[in-house]
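Peer 1: give me coordinates for this.
(2 chains)
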Amino acid sequence: MRPQFSIIFFTTFAGMAQGLLFFLALSNLYSQAIPNTFLTNLALPFAFVLLTLGLVASFFHLGHPERAWRAAMMWRTSWLSREVIALPALMAVTATIYIYARISEVPPWLWLALLLTTLALWVCTAKIYQCIRFIQEWSHPSTLTNFILLGMTSGWILLELLIAVWGDTSIQMIDAPLSTIAFLLLFMSFNLKLWIWRRNRNLKPKSNLASATGIKGTNIRQTSMGLMGGSFNTREFFHHQTDRVIANLRKIILLCAYVVPMILMAYAITSPNILVIALSLLFNYLGLLAERWMFFAEANHPQNLYYQRVS
Amino acid sequence: MSKKNKQLALVIDLNVCVGCHACVTSCKEWNTSGSAGPLTDLNAYGANPSGTFFNRVQTFEAGTFPNTQTVHFPKSCLHCEEPPCVPVCPTGASYKRKEDGIVLVDYEKCIGCSYCSWACPYGARELDQERQVMTKCTLCVDRIYSDTLPESEKKPACVLACPTSARIFGDVHDPESDASKAIKERSGYALMPEWETQPANQYLPRSIMETIDAARNDK
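Peer 2: The predicted structure is shown next:
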């Protein structure tokens, strides 16, 4: 598939915000250790801005953004429609928690609602891809797991950075455990990515030219796709890069999104340092952009069987 | 089957298609000026032309020399009985008509997100670059229900244009229709049956190859 930058920015921004909000909700359900001022002055506005950026980015995906409201209509059948509802819902819950935190205490049911809406948005986003049964790279539960784990990882590193920036006196004490958890999340998502790439490499396409055309005979090959100029079919379903670019990008993804942040986090465990955590988040996010690009690029669409030769 | 609603469809006879592209150009001509249009072309006379088409004729080869065959293969929306492109549409712009099974796009509702095209394994949908809405074969719905065209012309433009009658149009739920009879008597088959989309359009295999093989064996 052709990587769509609107979706790449949407899923990475929203995913990071979801991870941040997920852990804020989780820690508040567990204990009330996080001060309200940290929530209202830093964490919640930051998450809201990220979600808004994601929302704005998603509009660039549409040919008719002025009709975007229509996309909430088909929630009974379409995961995309459900996502269109889940994102504003998450923003609404975040805003409500912000208001509560400003005027009094946030009730536990709101934190639970936040936890559930972050998860709901991940499910909707991932299911958009996972439910297309003939894109075999996507049609697997690992798509959902990958979205959740990477969102949690970047969100956790962001939370750690925000806590460090907040500069509470207790920072020195909690910083090492925070970095340890970040390291573990990075390690888990790293292994999941390796596993997904191994699975993709070993996939046997269910469709082939024999099933696509029904021609009886051996050695079926296309001699003409029926057009010599471009068309939507030759643009939309391929990444248009060389194998070399793809191979190099895979290395960059592994280094940027996982390995370098892991090394930085290992360093942060022993000597906590805001700059190291910020660098870790920066590398992780840049890696995530490439990872999401590759998520599209490595998806093989069976329609490409019909578009192999110009003449 | 016969108790179900109508399902209009095309049956493509691969025995007789000669790959002349008359169905492609007649489709484009009718639909670019009809209710489904315009099907815009960008840079039509430049180095990299690009345009929207509902129908293509592709060419495939099979076998090894000297026992080879060339197959011209028209390809358009198959109007699936279980169209995967319909439930994924977030706005309801993509729909399948109950009364005749035609899969259509409501251009007024389409937001141009392209998701339906991802959900079609056949690549039957094309986003019109200028109008930024998803387009696809309508089975010439504005011809077959026309109030003004004579009865003999109330057929898809591609069917009328085909010089070898390689395209049979009809209700595949009516066992007495020419389309149903062709499928039944000449072993019509569906494309990519592995995805269980149940395409309404079917293809007639090249039985002519048996004749050719027999002639070769006689020599």
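
Peer 1: count of neighbours near residue 64?
Peer 2: Using chain A. Residues contacting A:H64 under the criterion other C-beta atoms under 10 Å in any protein chain shown number 19. Backbone N, C-alpha and C define where each C-beta goes, glycine included.

Peer 1: not what I meant, chain B
Peer 2: 10.

Peer 1: what's around the nearest residue to it once chain neighbours are set aside, how many residues?
Peer 2: Of all residues not flanking B:T64 in the chain, A:N219 sits nearest, at 5.7 Å (C-beta to C-beta, 6 or more residues apart in numbering or on different chains). A:N219 has 11 neighbouring residues, counting by other C-beta under 10 Å.

Peer 1: in a strand, A:N219, correct?
Peer 2: No. Counting by DSSP: H, G, I helix; E, B strand; the rest coil, one finds A:N219 to be coil, located in no strand.

Peer 1: tell me the spacing between it and B:T68.
Peer 2: 8 Å (C-beta to C-beta, to the nearest Å).

Peer 1: find residues that contact each of these two.
Peer 2: B:61-62 (C-beta atoms under 8 Å, 6 or more residues apart in numbering or on different chains).

Peer 1: picking up where we left off before, can you name the residues that contact the residue nearest to B:T64?
Peer 2: Here A:N219 is in contact with B:61-64 (criterion: C-beta under 8 Å, 6+ apart).

Peer 1: from those residues, pick the one nearest A:L282.
Peer 2: Checking these against A:L282 with C-beta to C-beta, the nearest one is B:E61 at 52.4 Å.

Peer 1: what helices or strands is the one helix or strand the closest one maps to leaning on?
Peer 2: Applying DSSP states H and E as the criterion places B:E61 in strand B:55-64. Applying 3 or more C-beta pairs under 8 Å, 6 or more residues apart in numbering or on different chains; DSSP states H and E, one finds that strand B:55-64 contacts strand A:221-224, helix B:22-33, strand B:67-76.

Peer 1: counting contacts, what elements does the longest one pack onto?
Peer 2: This points to helix B:22-33. Partner elements for helix B:22-33 (3+ C-beta pairs under 8 Å, 6+ apart): strand B:55-64, strand B:67-76, helix B:157-161.

Peer 1: could you rerun that using 7 Å?
Peer 2: Using 3 or more C-beta pairs under 7 Å, 6 or more residues apart in numbering or on different chains; DSSP states H and E, the elements in contact with helix B:22-33 are strand B:55-64, helix B:157-161.

Peer 1: and the next helix or strand past the shortest one?
Peer 2: Tracing the chain past helix B:157-161, the next element assigned as helix or strand by DSSP H and E is strand B:167-171.

Peer 1: can you give me how far that next one is from the chain middle?
Peer 2: How far strand B:167-171 lies from its chain's middle: 11 Å, per C-alpha atoms, centre = their mean, to the nearest Å.

Peer 1: also stretch A:226-245?
Peer 2: Taking mean C-alpha positions (C-alpha atoms, centre = their mean), stretch A:226-245 and its chain are 25 Å apart.

Peer 1: buried residues in it?
Peer 2: By 16 or more other C-beta atoms under 10 Å in any protein chain shown, the buried positions in stretch A:226-245 come out as A:226-227, A:229-234, A:236-237, A:239.

Peer 1: now do stretch A:274-284
Peer 2: A:274, A:276-284.

Peer 1: average pLDDT across that stretch?
Peer 2: Averaged across stretch A:274-284, pLDDT comes to 96.

Peer 1: from chain B, which residue is nearest to chain A?
Peer 2: Closest residue of chain B to chain A, C-beta to the nearest C-beta: B:G112 (2.0 Å).

Peer 1: so what's the residue count around that residue?
Peer 2: Look at B:G112: counted by other C-beta under 10 Å, it has 19 neighbours.
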